[in-house]
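Chemist: model the following, please.
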Amino acid sequence: MRDFRFGVSVRISDTRTQWQRSVREVEDLGYDTFLVPDHLGMVAPFPALMSAAEVTRRVRLGTFVLNTAFTRPALLARDVAAVDQLTDGRFELGLGAGYEPSEFEALDMPFPTAGQRISHLEKTIVEVRRLLGDPDHRPRPARPDLPIAIAGKGDRLLTVAARHADIVGLAGIEPGDDSTVRGSLPERVEFIRRTAGDRFPDLELNLMILSVQLAGSGEPDLSFPRKFYPNYSDEQLRTLPSVLHGSEEAIADSLRRLREEYGITYFTLPSVDMHTFAKVIARLR
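Modeler: From the prediction side, this is the model:
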């Protein structure tokens, strides 16, 4: 059974000082990865990660996740290799297919179909791996086999992840644990298991935590998960595996169960919950 890993996604900052203070906090609190998403209006991933590398020594640095539709394999391989080299092999590449039409419109780009975006993602991961593994490629990454994550929820995207990624991020999980319900956690994990075949034992499964509320601190703040599940009631939202509430030990037990039953060992969460969740990490190590 894999050890737990924990990451924090940080989206925005107003100054270099503030940004680097947040990075140091993530490392000091015991997290394993410092992650940056890829959206217009937020900090640019690669320069932000280089700034993070200046003030950290242990924590890994990653994208979670890049909008692959906005780049091309050769350019991405160049940037990935450079960041990995300049961070002494601490970089982890997270890729996604892109999903927000307004961002494509802002870039004066047509919004491809889901199939087209996923096809481009698959082409990209295959070609980036080939380029990074080529000893003649310049710049050279510190680790030609650096970890690649793909996050998603649909069959086709998870098929690409199961076949090509090292880390599979589970997104958009439905409430409950009924394995006969499409989109439930056991159903999605079983789909990945079947699709990955012999690769499955080597995959690291990830779940993005959307809310953490410790017992005694009031009602759970469900505003962030509601952005992803706008039609769900509060009661339904509380049953999501990505919404954690209870005592520190109860939440720790929930994560132990997710590891034992489904093999999920890597948990990422938004920076707003990183101090609260750090108390749970202390009970799992």
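
Chemist: now the terminal residues of stretch 81-95, how far apart.
Modeler: 15 Å (C-alpha to C-alpha, to the nearest Å).

Chemist: quick check: mean pLDDT of that stretch?
Modeler: Averaged across stretch 81-95, pLDDT comes to 98.

Chemist: ok, T17 - how many residues close by?
Modeler: 9 (other C-beta atoms under 10 Å). In short, each C-beta sits where N, CA and C put it, glycine included.

Chemist: what does the model give it for pLDDT?
Modeler: At T17 the predicted local confidence, pLDDT, stands at 96.

Chemist: next: R11.
Modeler: For R11, the model assigns a pLDDT of 88.

Chemist: try D28
Modeler: With respect to pLDDT, D28 has a value of 97.

Chemist: same check, this time on the one 5 residues further on
Modeler: The predicted structure scores T33 at 98 on the pLDDT scale.

Chemist: just L170 next, same as before
Modeler: So L170 comes in at 97 (pLDDT).

Chemist: quick one, what contacts it?
Modeler: Residues counted as contacts of L170 (C-beta atoms under 8 Å, 6 or more residues apart in numbering) are A151, K153, L185, R188, V189, L205, N206, L207, M208, I264.

Chemist: make it 6 Å
Modeler: Counting by C-beta atoms under 6 Å, 6 or more residues apart in numbering, L170 touches R188, L207.

Chemist: across the sheet, point out what pairs with it.
Modeler: For L170, the beta-bridge partners are G152, L207 (DSSP bridges).

Chemist: what distance do you get for it to D88?
Modeler: Note on L170: its distance to D88, by C-beta to C-beta, to the nearest Å, is 30 Å.

Chemist: how about L107?
Modeler: When L107 is compared with D88 (using C-beta to C-beta), they lie 33 Å apart.

Chemist: repeat for R58
Modeler: In this structure, R58 and D88 are separated by 11 Å, where distance is defined by C-beta to C-beta.

Chemist: what segments of the stretch 101-250 of the chain are helices?
Modeler: Here the stretch 101-250 of the chain has its helices, by DSSP state H, counting those that start in this stretch, at 101-106, 114-133, 155-164, 185-196, 223-228, 234-238, 248-262.

Chemist: what comes up buried for the third one?
Modeler: Of the residues in helix 155-164, those buried by neighbour count under the rule 16 or more other C-beta atoms under 10 Å are L157, L158, T159, V160, A161, A162, H164.

Chemist: now render these as CSV, adding distance to L240.
Modeler: Rendered in CSV, the data for the buried residues of helix 155-164 read as follows (distance: C-beta to C-beta, whole Å):
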residue, distance to L240
L157, 19
L158, 18
T159, 24
V160, 24
A161, 20
A162, 22
H164, 27
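
Chemist: got these as JSON lines, with pLDDT and distance to D3 columns?
Modeler: Supplementary listing: the buried residues of helix 155-164 in JSON lines, determined by pLDDT from 0 to 100; distance: C-beta to C-beta, whole Å:
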{"residue": "L157", "pLDDT": "97", "distance to D3": "27"}
{"residue": "L158", "pLDDT": "98", "distance to D3": "24"}
{"residue": "T159", "pLDDT": "98", "distance to D3": "27"}
{"residue": "V160", "pLDDT": "98", "distance to D3": "26"}
{"residue": "A161", "pLDDT": "98", "distance to D3": "21"}
{"residue": "A162", "pLDDT": "98", "distance to D3": "22"}
{"residue": "H164", "pLDDT": "98", "distance to D3": "24"}
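
Chemist: nearest to L131 among those residues?
Modeler: Nearest to L131, judged by C-beta to C-beta, of the buried residues of helix 155-164 is H164 at 14.3 Å.

Chemist: what's around the spatially closest residue to the closest one that is not a sequence neighbour, how many residues?
Modeler: Here the nearest residue to H164 in space, its sequence neighbours aside, is I125; by C-beta to C-beta, 6 or more residues apart in numbering that works out to 4.9 Å. I125: 22 surrounding residues under other C-beta under 10 Å.

Chemist: ditto for L240
Modeler: Residues contacting L240 under the criterion other C-beta under 10 Å number 22.

Chemist: that one touches E174, doesn't it?
Modeler: No: under the criterion of C-beta atoms under 6 Å, L240 makes no contact with E174, lying 8.2 Å away.

Chemist: leaving out the residues flanking it, which one is nearest to the residue sitting nearest the centre point of the chain?
Modeler: Geometric centre of the chain, nearest residue: F64, 4.3 Å, by C-alpha atoms, centre = their mean. Leaving out its chain neighbours, the residue that sits closest to F64 by C-beta to C-beta, 6+ apart is L35, at 3.9 Å.
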